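**Q** Need a 3D model of the sequence below.
(one chain, ligands or ions: 1)
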Amino acid sequence: FVTFDHGQRITSHLGATEEEVDLCIIGGGISGLSAAITAASTKRNASITLLESSSNIGGRVRSDYTSDGYILDRGFAVFIEEYPMSQVLLDYNALGLRQFLPGARVKLCNDAKLAAVSDPLRRRRDIWKAVSSPVGSFNDKLRLAPLFYTVVTKSIEELFDMDEVDTLSCLRGYGFSEEFIQSFFAPFLEGIYLTPLDKQSSRMFHFVFKMFTLGSASLPKGGMQTVANQLGDKARSLGVDICCDASVCSIQQKDGKFAVDINKASGTAKRRAKSVVMATNERVANQLLSSFIETTTAPPLTQRTVACLYYAFPSPDPLLEPILILNGEGSTKRNARNHPINNVCFPSVVQSSYAPNGHELCSVSVLEKALSEYNGDYEALDIDVRKQLASWFPEHASNILDTSIWVQKEIYVIEDAQPIHFNEENCANVNGGRDCTIFRGEQLPDGMYVCGDYMATSTLNGALESGVNAGNAAAKHLNK
Ligand SMILES: Cc1cc2nc3c(=O)[nH]c(=O)nc-3n(C[C@H](O)[C@H](O)[C@H](O)COP(=O)(O)OP(=O)(O)OC[C@H]3O[C@@H](n4cnc5c(N)ncnc54)[C@H](O)[C@@H]3O)c2cc1C
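**A** Presented below is the predicted three-dimensional model:
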């Protein structure tokens with residue numbers, strides 16, 4: 001069993017000498033990479049170093065490639081094609097994206113089959129399926145119309161300008177039944193934002209619902225890692241020096257410059273930089289910025305944990321459609337002891353490169369509430385996941401329960417997976433990102449900037465946006 005905390009292994013090619021650079025970016029996740037690209041393309045010829053503590057770039061967007069041919073994203077994630085900033089910064093063709101079908105399949109409590117939730121706006125031919133689906137009453141389906149109208153007719157900015165309430169209240173406000181909320185919206189949105197509906201922001205709900213209504217969710221041919229790799233390649237082509245296995249342990253201000261101390265496998269290194277972009281998560285930023293700000297004013301944002309269990313097995317898949325499967329069995333049979341599953345996907349049906357020929361891959365997401373019930377007993381979790389899956393796919397039950405046929409490839413437990421985006425000070429619910437010169441309400445020194453999803457929205461789009469803001473600000477500082 002593996003727990004990833006975004007990197008502590010340190011082996012570096014950095015020289016031990018103290019080198020002078022224009023800009024030092026700390027953190028090689030999506031926000032740091034987007035800051036690097038932005039600064040390097042705005043301020044040509046600037047010397048820019050990006051320091052990443054783990055063995056590869058990507059941060060929370062990482063994949064492992066097993067020797068027997070599986071791609072395991074570190075936690076189930078989808079590429080949302082409609083994100084405005086992804087459209088600006090990424091080459092979709094080169095990612096070789098394969099799309100999920102719109103909608104979802106839902107395991108309802110008293111139904112042996114997986115029910116379909118269709119999206120007739122994206123697939124007109126599914127209109128009858130949508131009307132006749134057992135997920136939600138006729139009234140619920142009528143209530144979808146004003147929701148679709150809102151997200152389609154309003155711009156992202158307008159959606160973020162709407163009054164903010166928690167998502168559960170927002171859904172009740174649209175008039176959806178509790179049954180529909182629990183069987184569809186709860187597993188869908190909690191699978192995205194990893195937190196209960198009453199702790200999610202209605203702005204983030206409208207935003208993501210717009211993204212899913214207007215565009216596809218997909219998987220890249222080479223796994224989610226290739227999203228980060230593409231950004232890394234772009235940054236390198238603009239002259240950015242990317243150093244992995246380089247963990248920044250302190251930053252001080254000396255003689256008008258920033259002195260950055262780095263730990264690496266072979267010892268230590270230093271950089272002196274005119275400007276610094278902090279692109280770690282909020283918790284690490286809080287530690288590294290402690291000499292520049294009063295860090296005691298408010299506790300860091302709540303971060304959510306999620307687990308992902310991967311199983312490999314011989315073809316065929318229990319479900320041949322490339323679609324997300326939600327646990328709609330209700331609150332007692334979701335995210336609970338004995339019923340830990342929130343959502344399931346067969347990535348190899350969406351993108352065949354995720355498994356070798358003749359084999360398939362299943363990913364199961366388990367949220368924090370269920371994880372806490374197992375208290376680190378991943379063997380028990382595995383058994384319960386298999387039992388629950390076997391009950392969903394009875395024709396495959398004996399294979400699913402047989403550990404030599406459905407082979408567990410990995411369990412990822414990802415701490416600090418996402419910052420909270422509702423009802424906490426400075427939470428991650430700001431479209432376009434907040435002021436990158438201010439960290440947790442405090443002004444940073446001239447030349448120092450922060451980015452990360454917590455500075456915008458807790459999404460890949462937010463990480464990209466916040467990186468662009470910090471990269472632009474750093475380039476402007478270097479021009480002074
Ligand atoms: C399992 C999972 C699924 C997700 N699914 C989706 C999804 O489907 N859609 C979506 O929009 N979003 C999704 N997200 C959220 C999205 O991945 C994140 O919002 C985004 O990747 C955050 O990027 P970041 O650059 O802000 O932070 P990070 O990715 O955390 O990057 C920070 C980087 O800083 C490095 N670092 C830390 N300390 C140091 C140090 N001292 N020195 C040097 N480097 C350091 C870390 O190793 C890391 O690489 C998901 C997240 C997870 C965990």
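**Q** Leaving out sequence neighbours, find the closest residue to D261.
**A** Spatially, and ignoring its direct neighbours in sequence, D261 is nearest to S250 (4.6 Å; CB to CB, 6 or more residues apart in numbering). Glycine gets a C-beta too; all of them are placed from N, C-alpha and C.
**Q** isn't the one you found right next to L288, touching?
**A** Yes - using CB atoms under 8 Å, S250 makes contact with L288 at a distance of 7.0 Å.
**Q** Comparing these two, which shows the higher neighbour count?
**A** L288 (19 against 13; other CB atoms under 10 Å).
**Q** any idea what sits nearest that one, other than its immediate chain neighbours?
**A** Spatial nearest neighbour of L288, chain neighbours left out: I251 (5.7 Å); criterion: CB to CB, 6+ apart.
**Q** what about the one you found, how many neighbours?
**A** For I251, the neighbour count with other CB under 10 Å is 21.
**Q** would you say it is within a helix?
**A** No - applying DSSP: H, G, I helix; E, B strand; the rest coil, one finds I251 to be strand, outside a helix.
**Q** I'd like to check which residues are in contact with it.
**A** By CB atoms under 8 Å, 6 or more residues apart in numbering, I251 lies in contact with 26, 258-261, 276, 288-289, 291-292.
**Q** near the ligand too, which of those?
**A** I26 (CB under 6 Å from any ligand atom).
**Q** rewinding a little: next one, pLDDT for the residue nearest to L288 please.
**A** Looking at I251, its pLDDT is 96.
**Q** And for F292?
**A** Here, the pLDDT recorded for F292 equals 88.
**Q** Which of the three states applies to it?
**A** coil.
**Q** likewise D111?
**A** coil.
**Q** I'd say it and S133 touch.
**A** No - look at D111 against S133 with CB under 8 Å: they stay out of range, at 10.8 Å.
**Q** and the two? which has more neighbours close in?
**A** S133 (19 against 13).
**Q** residues in contact with that one?
**A** Listed by CB under 8 Å, 6+ apart, the contact set of S133 reads 115-118, 141.
**Q** how about 6 Å then?
**A** 115-117 (CB atoms under 6 Å, 6 or more residues apart in numbering).
**Q** Equivalent analysis for L231, please.
**A** By CB under 6 Å, 6+ apart, L231 lies in contact with L33.
**Q** Am I right that it is in a strand?
**A** No - assessed with three-state DSSP, L231 is helix; it does not lie in a strand.
**Q** Near the ligand, which residues of the stretch 1-150 of the chain are found?
**A** Checking the stretch 1-150 of the chain against the ligand by CB under 6 Å from any ligand atom, the hits are 6-7, 26-32, 51-54, 59-61, 75, 77-78, 80.
**Q** In strands only, show me those.
**A** 26, 51, 80 (DSSP state E).
**Q** between the contacts of I251, which has the most around it?
**A** Most surrounded of those: other CB under 10 Å gives V276, at 31 neighbours.
**Q** What ranges does the stretch 251-400 of the chain have for its helices?
**A** Along the stretch 251-400 of the chain, counting by DSSP state H, counting those that start in this stretch, helices occupy 282-288, 347-350, 368-374, 378-392, 397-401.
**Q** Can you tell me which of those helices is most buried?
**A** Among the helices of the stretch 251-400 of the chain, helix 347-350 has the highest mean neighbour count (mean count of other CB atoms under 10 Å), at a mean of 24.
**Q** what sits against whichever residue of the stretch 101-250 of the chain sits closest to the ligand?
**A** Taking CB to the nearest ligand atom, the ligand has its nearest neighbour within the stretch 101-250 of the chain at V248, 3.8 Å off. When contacts are counted by CB under 6 Å, 6+ apart, V248 touches 26, 51, 260, 262.
**Q** and stretch 81-94, what's its mean pLDDT?
**A** Mean predicted lDDT for stretch 81-94 stands at 98.
**Q** got the end-to-end distance for it?
**A** Stretch 81-94 has an end-to-end distance of 13 Å (CA to CA, to the nearest Å).
**Q** Show me what counts as buried in it.
**A** Residues of stretch 81-94 classed as buried by neighbour count (16 or more other CB atoms under 10 Å): 81-83, 85-86, 89-90.
**Q** Show me the chain divided up by domain.
**A** What automatic domain parsing lists as the domains of the chain is 2-62+224-301+420-479, 64-220+303-419.
**Q** Name the stretch among these that sits most buried.
**A** Highest mean neighbour count among the domains of the chain (mean count of other CB under 10 Å): domain 2-62+224-301+420-479, with a mean of 21.
**Q** Residues contacting stretch 313-326, please?
**A** With CB under 6 Å, 6+ apart as the test, stretch 313-326 has contacts from 100-101, 104-106, 187-188, 343-346, 349-350, 358-360, 393, 396, 405-406.
**Q** Let's see that with 8 Å instead.
**A** 78, 98-101, 103-107, 114, 117, 183-184, 187-188, 191, 217, 342-346, 348-350, 358-360, 362, 392-393, 395-396, 399-400, 405-407.
**Q** for it, how far is the first residue from the last?
**A** 21 Å.
**Q** hmm, it in reach of the ligand?
**A** No - judged by CB under 6 Å from any ligand atom, stretch 313-326 and the ligand are separated, with a smallest distance of 10.7 Å.
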